[in-house]
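[1] the following block contains a protein sequence and its predicted model.
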2 protein chains.
Amino acid sequence: MQNREARRDAQTGRAGDFASLQSGIRTLHMQDDMSGTAPELAARLREAGLRPTRQRVALARLLFEGGPRHVTAEGLHAEVKAARNPVSLATVYNALNQFRDAGLLREVVVAPGRSYFDTNTGHHHHFFVETDNELHDFPSDEVTIAGLPAPPKGTKLSRVDVIVRVRR
Amino acid sequence: MQNREARRDAQTGRAGDFASLQSGIRTLHMQDDMSGTAPELAARLREAGLRPTRQRVALARLLFEGGPRHVTAEGLHAEVKAARNPVSLATVYNALNQFRDAGLLREVVVAPGRSYFDTNTGHHHHFFVETDNELHDFPSDEVTIAGLPAPPKGTKLSRVDVIVRVRR
DNA sequence: TCAGTTATTAGAACTATTCTAAACTACTTG
DNA sequence: CAAGTAGTTTAGAATAGTTCTAATAACTGA
């Protein structure tokens, strides 16, 4: 048995580097009607068919009030706890899944047992820093993917994920 | 001993539909020196720094003797059991991880808790049929990705994964 | 052959996530 | 605004996938 690299919980990291790319994304995100204050968020949840409960609003605020983010369930759970707005872990999972199903979040699976929820639901792709489990967006505007074969017959396109894996 | 990778560049003029892409991949795989018989596989394992134990050879045969494949640990474990060549689940996991680390396999994570090991280690991408968990290869020859931003400073490119998700 | 290293194994442990069923709360109607 | 009720939350149990432990077995070079 070889011992393999330590898998630190690099936590959700709100990133921060990548000056230009990130600010581009931020702009995008802020223009989005998702950003609102608590009552706006409640309305948004209602639209999505979800009752704006105390728990869901608390989570939505953490997710959508700042800039774009990538969170894990555990990370978000730690945050609500820290914010003295306790929500059970099961509820965090439920809410993340519901938000994703409602199109408010997008799930990105980067490694076995590592799945992030991305508040940026627009077209974009990801950098994943394998050595420290950091995930960063980059807009798809610049990127063109040409020559994709047609989907297997009988299937329809759902989406195209591009993950650029890098290491430090 | 490091030429088994990233050598799949020339190949196929026209691509057209999905079926012909698949057969293109099969041809490729058969030409590969990975396809050998038991003694050849043993040599291959030794080259990779792995003792050719009964268990590893049994697994290598299942993996590399036919055409290209996508396996899960559980699936492969079921196969060795069915072939009356029992190997413990722990050993299946160990071997898959070692084969991957040695560059004999590539791991593809398609969904939380769903990770496949792909015997095709050349350049190619994937279709994933979300509705029934099917994974298919397609060669990267036809696909061009232009305009990828530079990796975050201090990092070097590891690889680019493209997963085209479709549903039935 | 034999020593020494490396590999295998069953089962426990661990991690991430989902389920259960009881308690609770937001929305509706009267 | 008092209930009714349907949707929601919760702790804890359960599950799934994978890794670890430490005892046993097997490969390899001399």
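    That came through, no problem. Numbering: from 1, shown residues only, chains lettered A, B, ... in the order given.

[2] quick check: longest strand in chain A by residues?
    strand A:156-167 (DSSP state E).

[3] bridged to the closest residue to residue A:158 other than its chain neighbours, which residues?
    Nearest in space to residue A:158, with sequence neighbours left out and distances taken as Cβ to Cβ, 6 or more residues apart in numbering or on different chains, is residue B:165 at 4.1 Å. C-beta: built from backbone N, CA, C; applies to glycine. Note on residue B:165: beta-bridge partners by DSSP bridges are residue A:159, residue B:128.

[4] tell me, how many residues neighbour the closest residue to residue A:147 other than its chain neighbours?
    Using Cβ to Cβ, 6+ apart and skipping residues adjacent in sequence, the residue nearest residue A:147 is residue B:142, 4.1 Å away. When neighbours are counted by other Cβ atoms under 10 Å in any protein chain shown, residue B:142 registers 16.

[5] swap in residue A:125?
    23.

[6] ok, now which ones touch the residue positioned nearest the centre of chain A?
    Note on chain A: the residue nearest the mean C-alpha position is residue A:118, at 1.0 Å, using Cα atoms, centre = their mean. The contact partners of residue A:118, by Cβ atoms under 8 Å, 6 or more residues apart in numbering or on different chains, come to A:68, A:69, A:70, A:105, A:106, A:107, A:108, A:126, A:135, A:137.

[7] going by distance to residue A:147, which of the residues you listed wins?
    Nearest to residue A:147 among those: residue A:126, at 21.2 Å, using Cβ to Cβ.

[8] in which helix or strand does residue A:97 reside?
    Assigned by DSSP states H and E, residue A:97 belongs to helix A:89-101.

[9] from the chain's centroid, how far away is that helix?
    12 Å (Cα atoms, centre = their mean, to the nearest Å).

[10] show me where pLDDT drops low in chain A?
    A:1-36 (pLDDT under 70).

[11] residue B:163 versus the residue of it found nearest DNA strand C, what's the distance?
    Using Cβ to the nearest atom of the strand, the point where chain A gets nearest to DNA strand C is residue A:90, with a distance of 3.5 Å. Distance, residue A:90 to residue B:163, using Cβ to Cβ, to the nearest Å: 29 Å.

[12] more crowded one of these two?
    When residue A:90 is set against residue B:163 and neighbours are counted by other Cβ under 10 Å, the residue ahead is residue B:163, at 19 against 10.

[13] spit out the contact partners of that one.
    Residue B:163 touches A:160, A:161, A:163, B:108, B:110, B:125, B:126, B:127, B:128, counting by Cβ under 8 Å, 6+ apart.

[14] what is the burial count for the residue nearest to the fifth one when sequence neighbours are not counted?
    Right, the one you point to is residue B:110. In space, and not counting its chain neighbours, residue B:110 is closest to residue B:128: 4.8 Å by Cβ to Cβ, 6+ apart. Around residue B:128 sit 22 other residues, with neighbours defined as other Cβ under 10 Å.

[15] these two touch, right, residue B:128 and residue B:168?
    No: counting by Cβ atoms under 8 Å, residue B:128 does not reach residue B:168; the two are 11.7 Å apart.

[16] return the residues in contact with residue A:146.
    B:143, B:144, B:146.

[17] for the spatially closest residue to residue A:162 that is not a sequence neighbour, helix, strand, or coil?
    Counting by Cβ to Cβ, 6+ apart, residue A:162 lies nearest to residue A:125, which is 4.0 Å off, once chain neighbours are set aside. Using DSSP: H, G, I helix; E, B strand; the rest coil, the structure places residue A:125 in strand.
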